[in-house]
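# Build me a model:
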Amino acid sequence: MASRRNGTLYLGVTSDLVRRAHQHREGLIDGFSKRYDCRNLVWYEMHDDLQEARQRELQLKKWKRAWKIRLIQEANRDWLDLWPTIAT
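Predicted coordinates:
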């Protein structure tokens, strides 16, 4: 999730991307993403195994910001909100 292009980034793991993205978009849960207005889904990865997803999350959280931005831009050059593509 991101506040805007090159803005604040939030990274997390969920077993229900649609539900969790909706919660972030609507500010339904207090915390980092609500405080910093991270409402736009700009990148995501799907994993079949929850442990694998958690390991990937920990790996990405150690990355430099520039690496995360590059990862987003490789998949979503214009930082479009991907919510409409998953909410159907």
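
# Just the helices from this protein, written as ranges.
For the chain, the helices defined by DSSP state H occupy 17-26, 32-35, 50-61, 65-75, 83-86.

# between those helices, which one is nearest to residue 10?
Of all those, helix 32-35 sits nearest to residue 10, with 4.3 Å by Cβ to Cβ. To be clear about C-beta, it is placed using only N, CA and C from the backbone, and glycine gets the same treatment.

# okay if I get the helices of the chain as JSON lines plus mean neighbour count and mean pLDDT?
JSON lines is the format used below for the helices of the chain (neighbours: other Cβ atoms under 10 Å; pLDDT from 0 to 100):
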{"stretch": "helix 17-26", "mean neighbour count": "16", "mean pLDDT": "97"}
{"stretch": "helix 32-35", "mean neighbour count": "16", "mean pLDDT": "96"}
{"stretch": "helix 50-61", "mean neighbour count": "12", "mean pLDDT": "97"}
{"stretch": "helix 65-75", "mean neighbour count": "13", "mean pLDDT": "98"}
{"stretch": "helix 83-86", "mean neighbour count": "12", "mean pLDDT": "95"}
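
# Please identify which of the ones you listed is closest to residue 44.
Residue 44 lies closest, by Cβ to Cβ, to one member of the helices of the chain: helix 17-26, at 6.2 Å.

# For the closest one, which helices and strands make contact with it?
For helix 17-26, the packing partners by 3 or more Cβ pairs under 8 Å, 6 or more residues apart in numbering; DSSP states H and E come out as helix 83-86.

# Out of the helices of the chain, which is closest to residue 8?
Short answer: helix 32-35, nearest of the helices of the chain by Cβ to Cβ, at 8.5 Å.

# who touches that closest one?
Applying Cβ atoms under 8 Å, 6 or more residues apart in numbering, the external contacts of helix 32-35 come out as 1, 10, 12, 24, 27, 38, 39.

# 7 Å - rerun?
Helix 32-35 is contacted by residues 1, 10, 24, 27 when judged by Cβ atoms under 7 Å, 6 or more residues apart in numbering.

# Ok, stretch 72-81 next?
2, 5, 40, 41, 42, 43, 82.
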